[in-house]
Every structure is written in structure tokens, then in C-alpha cells.
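3D, please:
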Amino acid sequence: MNRKHSDRTLRIVIAAMFAAMIAVMTAFVQIKTPTGGYVHLGDSMIYLAASFLPLPYAVLAAAIGGGIADLLVYPETIIYTVIIKAINAVFFSAKGDKLLTKRNALMTIPSGLVTVVGYSISKLIRQLLAGDSLHSATVNALWKIPENAIQAVASALIFIVIALALDKADIKKRMLRDF
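As a prediction, this is how the structure comes out:
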């Protein structure tokens, strides 16, 4: 197998691994919050994938992993999740040997805002489609903001801690050294 095919195969395998981690860490590792929502590790895995893989692979890992998680736990939001999680990955860069760069740390902010706004819009649309009034749907969508904000902040912090640990072990450089 030539080097080009080998590089692509490795990226596909790593993207599949990240998609699986995103799905499992979203669907099965949940910490309930006082707002009625929960914090999961899936978004931090998206940030890691997007800091590790070139953009198209990271976007696919995020969309597929988030979609599988919703299929397992919240199928009513799967369409919204696939879109939101794909966008989450776009902000990060996989350039360089480190996962945690100043740029990637800062990109947790716009990515978190996409999560907060995206799921609030998702709630609004789903409630309007269910026949709720605009006022009721808007109030319910606004109530999603605190729980989604907690998720976004927790994901950023978890990403930073995990990325620091992986960078200390030089994981990215070691995994890709032959490629």
C-alpha cells in the first residue's frame, strides 16, 4: 500500500475511533446538573478529534458520533445534533504536534456558543412543530440555555485537561510519527 492510501486509512480508523468515543461518552457518561440537564464527555471528544484530525475527518467523526448517541438516547434531536456537532468541529485546528494550542483552547468558546444556540433553536422548532404557541415554545427554548451553557463550559474544561495530559504524553506526535 502506498503512503497516500496508508495516511487516509489511518485517518479513517482514527475518525471511527473518535466517533465511537463521542457516541459512548455522550450517551452513557452523563452527570446530572441542577438545571435538569446533564454534562457529558462527548463534546470534549469532538474537540479532541478536531484537534487531532484534518477537518473533513473531524467533522464526520463529530456528526456520526453525535448522531449515534442521539439514536441511542434522544432520537428526536438527531437531525439537529448531526448539524450542531459537525459545526462544533469546524472551529479547531489539527495543525502542529499539540492538541492544546492557544487557538484550540479559545475555539471552545464559539463551539460552545453553537451548542447553546443550536439546541435552543432545536427546542423552539420541535415545540412549534408539536403545536405549541410561539410564546410557550420560546420560553421553553430559553430555559434550555443554562443547561446547555453548563454543558459547553464543562466540555471546554474537560477538553483542556485531557488535551494537556495527552500532550504531556506526546500522543499526537507518537501516533502519527510514521505518517
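
what comes up buried for the lowest-mean-pLDDT helix or strand in the chain?
Within the chain, no helix or strand scores below helix 171-176, which has a mean of 80 by mean pLDDT, DSSP states H and E. The neighbour-count check on helix 171-176 (16 or more other C-beta atoms under 10 Å) flags Ile171, Lys172 as buried. Any C-beta I mention is one placed from the backbone N, CA and C, and that applies to glycine too.

what comes into contact with it?
Contacts to helix 171-176, defined as C-beta atoms under 8 Å, 6 or more residues apart in numbering, come from residues Leu10, Ile14, Phe52, Asp97, Lys98, Leu99, Leu166.

Same list (those residues) but as TSV, adding distance to Lys144.
What follows is these, written out as TSV (distance: C-beta to C-beta, whole Å):
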residue	distance to Lys144
Leu10	38
Ile14	32
Phe52	30
Asp97	38
Lys98	34
Leu99	30
Leu166	31
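
Mind checking which of those land in helices?
Leu10, Ile14, Phe52, Leu166 (DSSP state H).

Surely the second one and Leu53 touch.
Translated: Ile14. Yes. Using C-beta atoms under 8 Å, Ile14 is in contact with Leu53, at 6.1 Å.

So for these two, which sits in the more crowded spot?
Leu53 (23 against 18; other C-beta atoms under 10 Å).

secondary structure class for the closest residue to Ala86 other than its chain neighbours?
Closest residue to Ala86 apart from its sequence neighbours, by C-beta to C-beta, 6 or more residues apart in numbering: Ala63 at 4.2 Å. The three-state label given to Ala63 by DSSP: H, G, I helix; E, B strand; the rest coil is helix.

All good on my end, thank you.
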